[in-house]
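In: okay, structure incoming, though there's no sequence with it:
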Ligand SMILES: [Zn+2]
């Protein structure tokens, strides 16, 4: 997964970010993913998928998608992989 964000007008990436910045990026990434998924809605079950995050840094971040069905989970994964 490619992660590129701007924080306070500076380019920040997991490769050049210090720990303090990394925490901010991590929070932002989680927020953006949660936001993206909340825009989705399963036509069959009328539910939005929810991400569950594991790991306390970008390097070991794992995302599990909680969805009502397999179709919604695939759709959520597709959306998260979009640029
Ligand atoms: Zn569903």
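Out: That came through, no problem. As the structure is a computational prediction, the values presented were derived from the model and not from experiment.
In: can you list the residues that contact whichever strand or helix holds residue 51?
Out: Following DSSP states H and E, one finds residue 51 within strand 50-54. Identification of contacts with strand 50-54 by C-beta atoms under 8 Å, 6 or more residues apart in numbering yields 30, 33-34, 37, 60-67, 76, 80. (Glycine included, C-beta is placed from N, CA and C.)
In: got it, and stretch 62-76?
Out: Stretch 62-76 has contacts (C-beta under 8 Å, 6+ apart) with 33, 37, 40, 42, 44-45, 47, 49-55, 77, 80.
In: ok, of the residues you listed, which come out buried?
Out: For the contacts of stretch 62-76, a burial check counting by 16 or more other C-beta atoms under 10 Å picks out 33, 37, 42, 49, 51, 80.
In: returning to that earlier point: widest-spaced pair of the contacts of stretch 62-76?
Out: 44 and 55 (31.2 Å; C-beta to C-beta).
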